[in-house]
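S.K.: Let me see the structure of the following:
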Amino acid sequence: MATLSLVFRVVITITIILRLVSSLQSSSTTPIQPAPPPSNPCIPSERDALLDFKKGLTDPDNYLSSWQGDDCCAWMGISCSKRNGHVVELWLNRAGLGGKISSSLLALRHLKSLGVEGNDFGGAPIPEFIGSFKHMKYLYLFDSNFSGQIPPHLGNLSELLDLQLTSQQTGPNFYSTDLAWLARLSKLEYLYLDGVNLSTAIDWTHSINMLPSLVFLSLSYCSLRNAIPPPVHINLTSLKTVYLSGNPFNSPISFKQFFWPFWALPSLENVYLGNCGLQGSLPEVLGNSTSLKLLDLNNNDLTGVPITLKRLHTLETLHLAENNFNGSLEMYHFG
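M.R.: Residues are numbered from 1 along each chain as shown. Here you go, the predicted model:
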């Protein structure tokens with residue numbers, strides 16, 4: 001019986017080994033199936049919208065020659081989300097484009113960045129529908145020959161971080177009669193409106209003051225005037241750089257009554273107020289700007305400097321050329 005049991009075990013072992021060998025031989029001769037090709041990341045409806053947008057453009061330099069085929073995410077100027085394939089960026093800066101910006105872009109519901117700077121749209125107004133992109137964070141429309149009133153619909157872009165609408169000073173200009181729409185952009189950090197005609201926007205200081213996240217403000221040559229007093233409570237605690245050059249404030253009391261809370265901003269580092277027609281003496285409250293690094297007051301009609309300027313220990317650059325100061329500034333030791 002012991003001999004029969006041993007023989008039975010040997011037979012079972014050999015059978016298992018033979019089956020394993022047969023399985024290995026079978027698997028080695030079976031061809032490996034190639035992995036299925038990745039699904040096209042481009043959303044068909046968004047591709048169609050981009051092609052409709054292209055139809056409305058003139059493209060003499062053939063910048064959009066890559067806009068063909070199914071994969072719109074590989075086209076020039078297009079970036080898509082790696083997570084879901086939606087178009088999130090449309091960058092066509094300095095591409096030599098013209099024509100019309102089509103509302104077909106509204107199909108790009110996930111668009112976060114739109115840049116068409118440095119093109120030529122023939123003095124057309126900014127399309128109002130651009131204010132419908134609820135995910136928009138970056139909007140660059142400057143130096144593209146737009147004109148007319150800035151649509152207040154842009155105030156609906158509640159996620160916006162960077163808005164650049166600088167207007168050409170030698171061509172058709174943007175204008176805005178009321179900047180109240182800006183107050184809704186509470187997350188805005190960078191604002192460029194240079195050359196935009198704001199001569200009738202008397203509420204501009206209050207509207208700008210509603211932007212607590214603002215870091216950079218550029219409003220040079222906007223025809224701003226000292227029409228109303230500034231807000232009493234300043235919310236611009238993050239503001240570091242201000243460009244206000246070339247605005248006709250033309251007032252001997254601008255510094256004392258119009259700019260007085262401006263100098264108390266806790267993060268203020270760079271101020272440009274050249275060629276503003278400012279008159280009289282610099283105010284003593286200027287000495288409160290203890291974080292100031294650069295102050296440009298060239299080409300004004302200023303006559304005096306307060307002793308409090310000595311408090312500006314962080315000041316590195318001071319421009320006072322083309323004014324009417326008497327005496328020397330050597331007594332002030334900055335830095």
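S.K.: Phi first, then psi, for the residue nearest to Ala183 when sequence neighbours are not counted.
M.R.: Once flanking residues are discounted, Ala183 sits nearest to Met210: 3.7 Å by Cβ to Cβ, 6 or more residues apart in numbering. In short, each C-beta sits where N, CA and C put it, glycine included. The phi and psi values for Met210, taken as degrees, to the nearest 10, are phi -90, psi 10.
S.K.: now do the same end-to-end measure for stretch 122-141.
M.R.: 13 Å (Cα to Cα, to the nearest Å).
S.K.: Asp143 touches Glu117, doesn't it?
M.R.: Yes. Asp143 lies in contact with Glu117 (Cβ atoms under 8 Å); the separation is 5.3 Å.
S.K.: Find out how far stretch 135-145 is from the centre of the chain, if you would.
M.R.: 7 Å (Cα atoms, centre = their mean, to the nearest Å).
S.K.: low pLDDT regions in the stretch 201-335 of the chain?
M.R.: 226-230, 232, 251-261, 327-335 (pLDDT under 70).
S.K.: residues contacting the one residue sitting closest to the centre of the chain?
M.R.: Note on the chain: the residue nearest the mean C-alpha position is Asp162, at 2.3 Å, using Cα atoms, centre = their mean. The contact partners of Asp162, by Cβ atoms under 8 Å, 6 or more residues apart in numbering, come to 137-140, 188-190.
S.K.: Asp143 and Glu117: who's more crowded?
M.R.: Asp143 (20 against 17; other Cβ atoms under 10 Å).
S.K.: ok, that one - contacts?
M.R.: 117-118, 166, 168.
S.K.: Can you lay out those as CSV showing secondary structure, distance to Pro127 and pLDDT?
M.R.: Formatted as CSV, those follow (DSSP: H, G, I helix; E, B strand; the rest coil; distance: Cβ to Cβ, whole Å; pLDDT from 0 to 100):
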residue, secondary structure, distance to Pro127, pLDDT
Glu117, coil, 15, 94
Gly118, coil, 18, 93
Thr166, coil, 18, 91
Gln168, coil, 18, 71
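S.K.: Show me just the buried residues among the residues you listed.
M.R.: 117-118, 166, 168 (16 or more other Cβ atoms under 10 Å).
S.K.: Which stretches in the stretch 201-335 of the chain count as strands?
M.R.: 216-218, 241-243, 270-272, 279-281, 294-296, 301-304, 317-319 (DSSP state E, counting those that start in this stretch).
S.K.: Report the buried residues of the fourth one.
M.R.: Neighbour counts over strand 279-281 (16+ other Cβ under 10 Å) mark 279-280 as buried.
S.K.: Tell me the strands beside that strand, with direction?
M.R.: strand 301-304 (parallel) (DSSP bridges).
S.K.: Other residues contacting the strand it pairs with?
M.R.: Contacts for strand 301-304 (Cβ under 8 Å, 6+ apart): 277-282, 320, 323-326.
S.K.: and with 6 Å instead?
M.R.: Residues from elsewhere that reach strand 301-304, judged by Cβ atoms under 6 Å, 6 or more residues apart in numbering: 279, 281, 323-324.
S.K.: what about it, distance to the chain center?
M.R.: That offset, for strand 301-304, works out to 36 Å (Cα atoms, centre = their mean).
S.K.: go on, stretch 93-102?
M.R.: 19 Å.
S.K.: ok, residues contacting that stretch?
M.R.: 52-53, 56-59, 61, 63, 115, 117-120, 127.
S.K.: returning to that earlier point: among the contacts of Asp162, which ones are in strands?
M.R.: 138-140, 190 (DSSP state E).
S.K.: Got a quick PyMOL command for the buried subset of the residues you listed?
M.R.: PyMOL command restricting the ones in strands among the contacts of Asp162 to the buried ones, with burial defined by 16+ other Cβ under 10 Å:
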select buried, resi 138+139+140+190
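S.K.: For the ones in strands among the contacts of Asp162, give me CSV that also has pLDDT.
M.R.: Shown next, in CSV, are the ones in strands among the contacts of Asp162 (pLDDT from 0 to 100):
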residue, pLDDT
Tyr138, 98
Leu139, 98
Tyr140, 98
Tyr190, 98
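S.K.: Tell me the one of the ones in strands among the contacts of Asp162 nearest Phe262?
M.R.: Comparing the ones in strands among the contacts of Asp162 against Phe262 with Cβ to Cβ picks out Tyr190 as the nearest, at 18.7 Å.
S.K.: who does that closest one bridge with?
M.R.: Asp162, Phe216.
S.K.: Verify the stated contact: it with Leu214.
M.R.: No. At 7.9 Å, Tyr190 and Leu214 do not qualify as touching, with contact defined as Cβ atoms under 6 Å.
S.K.: residues near Leu97, how many?
M.R.: Counted with other Cβ under 10 Å, Leu97 comes out at 22.
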